[in-house]
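**Student:** Quick one: sequence and predicted model below, then my questions.
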Amino acid sequence: MPVTALVSAKSSGVTTSALALTLASGRPSLLAECDPAGGTIRAGLLEGEAGAGYGLYHLAAAERTSQEALAQAFASHLWDMDEAGHRKLLLGLTDPAQAASLSRTWPSLSQMLHVLAEAGLDVVIDAGRIAFNAGELHPTLTPAPLIHQADLVLLVVRGTEQSLTLARHIIKPLRNELTDRGNGPGALGLLLIEDGPNRAHQVAEALETPVLAALPHDPATAAYLTNGGRQPRGYSRSPLLLHARTATEQLEAVASRRQIQQQYPPQKTSPQLAGVLHRLNAKRERGRRV
Ligand SMILES: Nc1ncnc2c1ncn2[C@@H]1O[C@H](COP(=O)(O)OP(=O)(O)OP(=O)(O)O)[C@@H](O)[C@H]1O
Ligand SMILES: [Mg+2]
């Protein structure tokens, strides 16, 4: 299954869309909240249920010990979003100042996410807002290695003039970045939030980039995914979740088509990091026994 990284020019719905895709997928799924500006799901949807002892920041310390320690920490820091453990969440940073300590960890984290995707999980990365430094992805304000290695990089845009204006400035450097250092220009697409007057074909034309999926403007479901609280009535059949499910199918189809035509060599995975799958399965078995 694909590793899909969602990014934005500015606050367009990345976290909400990442949650919707992860929760609605017809396959087991994992959301990695890797926005260097800090995670919002812990205080939002989870309403503080997960303490600061959980999450991405702890992987940086483990990585300094060994790759085995990192694989172990990764497996034990995943939060189950459902009882069956089919929807996993790697919670984001509690403080943006922690982002610098992760720059060494991103490449290894990327390898582990790809191991899980190959094992059949839909992997979605919240990669936050795009920032450039001297024409390249900013090394601490973006999780650049995750974006480079993702099978699909989706710029989340709304159909409003404001959103398109901001997106116009970053689409070209982002495409160049993926061409020079990533998985190729074809990895780049748009995820349209259907808000504003521009339809998918107009957005695709304006940004000269295909719209690979679209999600409806659904304020009630989005507010629940952003802030938590009571689930709105008809939540599981809500427009946002229904369309998110369709979107996961469309993204999977695009990614597998690309894989067939792929000219880029697959990244090498260290055996220690590949062990993450075994650790995750072992954790699930232990969970069943208690
Ligand atoms: N499909 C949608 N329909 C309606 N509202 C939405 C939708 N997606 C997101 N929103 C709302 O837009 C706001 C911003 O969403 P979100 O926090 O997901 O954006 P973001 O790109 O992650 O922002 P940031 O860069 O600040 O982290 C939130 O109030 C959210 O509820
Ligand atoms: Mg966000």
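**Tutor:** Sure thing, it's come through. Numbering: from 1, shown residues only. Ligands and ions are numbered 1, 2, ... in the order given.

**Student:** tell me which element the residue in the stretch 1-150 of the chain that ligand 2 sits nearest to is part of?
**Tutor:** Residue of the stretch 1-150 of the chain nearest ligand 2, by CB to the ion: residue 15 (3.3 Å). Every residue, glycine included, has its C-beta placed from N, CA and C. For residue 15, the host element (DSSP states H and E) is helix 14-24.

**Student:** Show the average pLDDT along that helix.
**Tutor:** For helix 14-24, the mean per-residue pLDDT is 98.

**Student:** cool, stretch 49-66 as well?
**Tutor:** Mean pLDDT, stretch 49-66: 91.

**Student:** Dump the C-alpha coordinates for it into CSV.
**Tutor:** What follows is stretch 49-66, C-alpha atoms only, in CSV (Å, rounded to 0.1, in the frame of the first residue of the first chain):
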residue,chain,number,x,y,z
GLU,A,49,-6.0,11.1,26.5
ALA,A,50,-2.4,10.2,25.4
GLY,A,51,0.2,11.7,27.6
ALA,A,52,3.5,13.3,26.5
GLY,A,53,5.2,10.0,27.2
TYR,A,54,3.9,8.8,23.9
GLY,A,55,5.0,9.8,20.4
LEU,A,56,7.4,10.9,17.9
TYR,A,57,9.8,12.8,20.1
HIS,A,58,10.8,9.7,21.9
LEU,A,59,12.0,8.1,18.7
ALA,A,60,14.9,10.6,18.4
ALA,A,61,16.3,9.5,21.8
ALA,A,62,15.9,5.8,20.8
GLU,A,63,17.6,6.4,17.5
ARG,A,64,20.7,7.7,19.3
THR,A,65,21.0,4.3,21.0
SER,A,66,20.6,1.9,18.1
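
**Student:** how about that stretch: buried residues?
**Tutor:** For stretch 49-66, burial by neighbour count (16 or more other CB atoms under 10 Å) applies to 50, 54, 55, 56, 57, 58, 59, 60, 62, 63.

**Student:** Which of those residues sits closest to ligand 1?
**Tutor:** For the buried residues of stretch 49-66, the closest approach to ligand 1 (CB to the nearest ligand atom) belongs to residue 56, at 14.7 Å.

**Student:** Ramachandran coordinates for the closest one?
**Tutor:** The phi/psi pair for residue 56 (degrees, to the nearest 10) reads phi -50, psi -40.

**Student:** That one against residue 39, yeah?
**Tutor:** Yes: look at residue 56 against residue 39 with CB atoms under 8 Å: they come within range, at 7.3 Å.

**Student:** Take the buried residues of stretch 49-66 and keep only those in helices.
**Tutor:** Among these, DSSP state H puts 57, 58, 59, 60, 62, 63 in helices.

**Student:** Now narrow those residues to whatever sits close to ligand 2.
**Tutor:** When CB under 5 Å from the ion is applied, no member of those is adjacent to ligand 2.

**Student:** At the contact with ligand 2, which residues of the chain appear?
**Tutor:** Residues of the chain found near ligand 2 (CB under 5 Å from the ion) are 14, 15.

**Student:** residue closest to the middle of the chain?
**Tutor:** Per CA atoms, centre = their mean, the C-alpha nearest to the average position across the chain is that of residue 125, at 1.4 Å.

**Student:** Confirm that that one sits in a strand.
**Tutor:** Yes: counting by DSSP: H, G, I helix; E, B strand; the rest coil, residue 125 is part of a strand.

**Student:** if we can go back for a sec, packing partners for the helix holding residue 15?
**Tutor:** On a contact count with 3 or more CB pairs under 8 Å, 6 or more residues apart in numbering; DSSP states H and E, helix 14-24 meets strand 3-8, strand 29-33, strand 87-90, strand 122-129, helix 219-227, helix 239-261.

**Student:** Distance from the chain centre to the host helix or strand of residue 115, please.
**Tutor:** Using DSSP H and E, residue 115 maps to helix 106-118. Centre-to-centre, helix 106-118 and its host chain are 12 Å apart (CA atoms, centre = their mean, to the nearest Å).

**Student:** Look up the closest residue to the residue in the stretch 151-290 of the chain positioned nearest to ligand 1, ignoring the ones flanking it.
**Tutor:** Nearest to ligand 1, among the residues of the stretch 151-290 of the chain, is residue 222, at 3.2 Å (CB to the nearest ligand atom). Residue nearest to residue 222 in three dimensions, not counting chain neighbours: residue 16, with 4.9 Å by CB to CB, 6 or more residues apart in numbering.
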